[in-house]
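1. build me a model:
(chains A, B, C and D)
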Number of protein chains: 2
Amino acid sequence: MTNRLEDLLFTLQAAVTLEDLQAVLESLRDHYNVEHTVYHWVNSVGERYGAGTYSAEWVDRYLEKDYLRMDPVIFGCFQRFTPVSWKELDWSSKPAREMWQDALDHGLGNQGYTIPIRGPSGQFALFTLNASLSDEEWAQFIDDNARDLMILGHEFNKKALEFEQWGEDGSVPALSPRELESMSCLARGMSRAQAAAELNISEHTLRVYIESSRHKLGAMNTTHAVARALSAGIIII
Amino acid sequence: MTNRLEDLLFTLQAAVTLEDLQAVLESLRDHYNVEHTVYHWVNSVGERYGAGTYSAEWVDRYLEKDYLRMDPVIFGCFQRFTPVSWKELDWSSKPAREMWQDALDHGLGNQGYTIPIRGPSGQFALFTLNASLSDEEWAQFIDDNARDLMILGHEFNKKALEFEQWGEDGSVPALSPRELESMSCLARGMSRAQAAAELNISEHTLRVYIESSRHKLGAMNTTHAVARALSAGIIII
DNA sequence: TTGAAACTCCCCATAAATAGCGAGGCAGCG
DNA sequence: CGCTGCCTCGCTATTTATGGGGAGTTTCAA
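-> I've put the predicted structure just below:
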């Protein structure tokens, strides 16, 4: 790792505002001589947050076309633990190919590398580099910098979590043990009658737990409550 | 990073059995000249999996006394993103102090450093180093090796996920675009009527998508289907 | 071009979930 | 000693979801 990169890490660790993060990302882009550097996350209620060097046009376009819901980068990273080079992903679907072309038209390079990063309470973030290079050059670049990039991604996420106090406050409601068990049973496919039998309580009592879970999670219905509980990482299937 | 550590990383990446992981952990302990090195994960049903250099007696003791349910290291790491030195944790409760003493009596060193690692579908693992050193020496050791340890922890988790095919296999059924949209709407709390309106289709049509999604996902009901889709990472709230 | 898969729509009957009203016992906390 | 939160149980009525049937178009790939 060069001294320049150490400087950037130091600047990152000293960051106190979103603008600081943005500045570090821009310095990083210049340091690596790539097209774009981006850090962003998607949380359990669908709120987004991010910083990076994408043009405002592309960001607007991305949101307007709701690419978030079909972006192979997002889905690919969400299902994996390890970072991924964009060309390894599945771009075979028509909307994906259209998005890819759209991205190229908006100034993105043909190569990308995205690191999935997960934090407490189901937090999920992505750290991305985008460049215009041949496959060979890109593979070499990744090979040379993968570890540094992972450290950088984690430092960005650490900062972002500090900003948002993710999970420190009551942002993820605490469910009681019985409520968690109820949610877990439902997530595993049991009907209310089955779940009640599993927990050795009356179906009515189970219903009370489901209701209180729903209210705590701010959910519209049982499915929503289970989805939020899963997404927040307070239950797993 | 020394060549010796590079060798260990190479060995780790070539590992194909649990015994290989165990061997790498032992080499790692010797390399760092610490008391213990451990990698393990914990899932929601309390199933464990791990490898490390703790004595069989301590592992048995830990399980027998159900320390898993109150271990400050587990709880602390579960709530944080960043690695933690054990002395930073809250050991004020009586059971925690008793466990601490018990651990010392079973050959653990007085210093520990644990890295929380998260993978897809709520997977959660810990990579731990334990040693007998003064606070100053330990702080210096961590300062010198934090980045290498993070890389190592992630490589261990990558291997463990490969062993268990944790979500990385191709066994996730492919839903059609409309089916995915239907699941996504339901996961975000819409009723069938609302979701149908959102997708500009009749409620009957939406029902067809939900049914087909359920069958493809092998789910017992809608909530189960949404839970599986979320867990598989094919939809994101 | 043929066929599979996706997409769209409809009816009917039953099962399940939701909303509202209750109630009491038990633990921990200030 | 109240307060709050958790755990447990009951009733009624309404809304919503599910399971079974069928049938037509479009779209994309073999």
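
2. quick one: secondary structure of A:Ala219?
-> Under DSSP: H, G, I helix; E, B strand; the rest coil, A:Ala219 falls in the coil class.

3. distance of it from DNA strand C?
-> Between A:Ala219 and DNA strand C the distance is 9 Å, computed by CB to the nearest atom of the strand, to the nearest Å. (Glycine included, C-beta is placed from N, CA and C.)

4. the closest residue to that residue other than its chain neighbours sits in which helix or strand?
-> Distances taken as CB to CB, 6 or more residues apart in numbering or on different chains put A:Ala225 closest to A:Ala219, at 3.7 Å, once the chain neighbours are dropped. In this structure, A:Ala225 sits in helix A:222-231 according to DSSP states H and E.

5. can you tell me what sits against the helix or strand encompassing A:Gln22?
-> For A:Gln22, the host element (DSSP H and E) is helix A:18-32. Under the contact criterion CB atoms under 8 Å, 6 or more residues apart in numbering or on different chains, helix A:18-32 has outside partners A:4-5, A:8, A:11-12, A:14-15, A:35-39, A:51-53, A:129, A:131, A:141, A:145, A:152, A:156, A:159-160, A:163.

6. swap in stretch A:125-138?
-> Counting by CB under 8 Å, 6+ apart, A:32, A:34-42, A:52, A:73-74, A:77, A:85, A:87, A:108-119, A:141, A:149, A:152-153, A:156-157, A:160 sit against stretch A:125-138.

7. among the contacts of helix A:18-32, which lie within strands?
-> With DSSP state E as the criterion, strands contain A:His36, A:Thr37, A:Val38, A:Tyr39, A:Ala51, A:Gly52, A:Leu129, A:Ala131 from among the contacts of helix A:18-32.

8. pLDDT value on the first one, please?
-> If I follow you right, that is A:His36. Note on A:His36: pLDDT of 97.

9. burial of the residue nearest to it when sequence neighbours are not counted, as a residue count?
-> Of all residues beyond its chain neighbours, the one nearest A:His36 is A:Asn130 (4.1 Å), with distances taken as CB to CB, 6+ apart. For A:Asn130, the neighbour count with other CB atoms under 10 Å in any protein chain shown is 23.

10. what's the answer for the one 4 residues further on, then?
-> Neighbours of A:Ser134 under the rule other CB under 10 Å: 10.

11. same deal with A:Ser55?
-> For A:Ser55, using other CB under 10 Å, the count is 12.

12. I'd say it and A:Gly107 touch.
-> Yes. Using CB atoms under 8 Å, A:Ser55 makes contact with A:Gly107 at a distance of 5.7 Å.

13. may I ask you to name the longest helix in chain A?
-> helix A:135-164 (DSSP state H).

14. the helix or strand just after that helix and DNA strand C in contact?
-> Next along the chain after helix A:135-164, taking DSSP H and E as the criterion, comes helix A:177-187. No. Applying CB under 7 Å from any atom of the strand, one finds helix A:177-187 separated from DNA strand C by no less than 7.5 Å.

15. how about helix A:177-187, does it reach DNA strand D?
-> Yes. Helix A:177-187 comes into contact with DNA strand D (CB under 7 Å from any atom of the strand), by way of A:Pro177, A:Arg178, A:Glu179.

16. just stretch A:96-103 next, same as before
-> No. Stretch A:96-103 lies apart from DNA strand D when judged by CB under 7 Å from any atom of the strand; the minimum separation is 9.7 Å.

17. residues of that stretch that come out buried?
-> For stretch A:96-103, burial by neighbour count (16 or more other CB atoms under 10 Å in any protein chain shown) applies to A:Ala96, A:Met99, A:Trp100, A:Ala103.

18. rebuild those residues as TSV, extending it with secondary structure.
-> Converted to TSV, these look like this (three-state DSSP):
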residue	secondary structure
A:Ala96	helix
A:Met99	helix
A:Trp100	helix
A:Ala103	helix
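
19. closest one of the residues you listed to B:Gly218?
-> When the buried residues of stretch A:96-103 are ranked by distance to B:Gly218 (CB to CB), A:Ala96 comes first, at 25.9 Å.

20. so A:His224 sits against B:Cys185, correct?
-> No. The criterion here is CB under 8 Å, and A:His224 misses it with B:Cys185 at 10.3 Å.

21. report pLDDT for the nearest residue to A:Met190 once chain neighbours are set aside.
-> Leaving aside its sequence neighbours, A:Met190 sits nearest to A:Glu198 (CB to CB, 6+ apart; 6.3 Å). pLDDT for A:Glu198: 90.

22. how many neighbours does A:Glu198 have?
-> Neighbour count for A:Glu198, taken as other CB under 10 Å: 15.

23. got it, and A:Ala14?
-> Here the number of neighbours of A:Ala14 (other CB under 10 Å) works out to 10.

24. which residues does it contact?
-> A:Ala14 neighbours (CB under 8 Å, 6+ apart): A:Asp20.

25. tell me the phi and psi of it?
-> phi -90, psi 0 (degrees, to the nearest 10).

26. how many residues are close by A:Val84?
-> 18.

27. run through the bridge partners of it.
-> A:Thr114 (DSSP bridges).

28. now it: how far from A:Ile74?
-> According to CB to CB, to the nearest Å, A:Val84 and A:Ile74 sit 11 Å apart.

29. what's the spacing between A:Glu164 and A:Asn157?
-> 11 Å.

30. the more surrounded of these two?
-> Each of A:Glu164 and A:Asn157 has its neighbours counted (other CB under 10 Å); A:Asn157 has more, 24 against 17.

31. correct me if wrong: that one contacts B:Thr82.
-> No. Look at A:Asn157 against B:Thr82 with CB under 8 Å: they stay out of range, at 9.4 Å.

32. sorry, back to before: residue contacts, the residue nearest to A:Ala219?
-> A:Met183, A:Ile210, A:Ser213, A:Arg214, A:Leu217, A:Ala219.

33. which one of the residues you listed is nearest B:Glu64?
-> Nearest to B:Glu64 out of these is A:Met183 (CB to CB; 29.4 Å).

34. which non-adjacent residue is nearest that closest one?
-> A:Ala229 is the one closest to A:Met183 (CB to CB, 6+ apart), at 4.6 Å.

35. since we're on the closest residue in space to A:Val34 that isn't next to it in sequence, how many residues are nearby?
-> Of all residues not flanking A:Val34 in the chain, A:Ala131 sits nearest, at 3.9 Å (CB to CB, 6+ apart). A:Ala131 has 20 neighbours, counted by other CB under 10 Å.

36. would you mind measuring from A:Ala131 to chain B?
-> Distance, A:Ala131 to chain B, by CB to the nearest CB, to the nearest Å: 23 Å.

37. elements contacting the helix or strand bottoming out on mean pLDDT in chain A?
-> Least confident helix or strand, chain A: strand A:48-52 with a mean of 84, by mean pLDDT, DSSP states H and E. On a contact count with 3 or more CB pairs under 8 Å, 6 or more residues apart in numbering or on different chains; DSSP states H and E, strand A:48-52 meets helix A:18-32, strand A:36-42.

38. no more questions from me, cheers.
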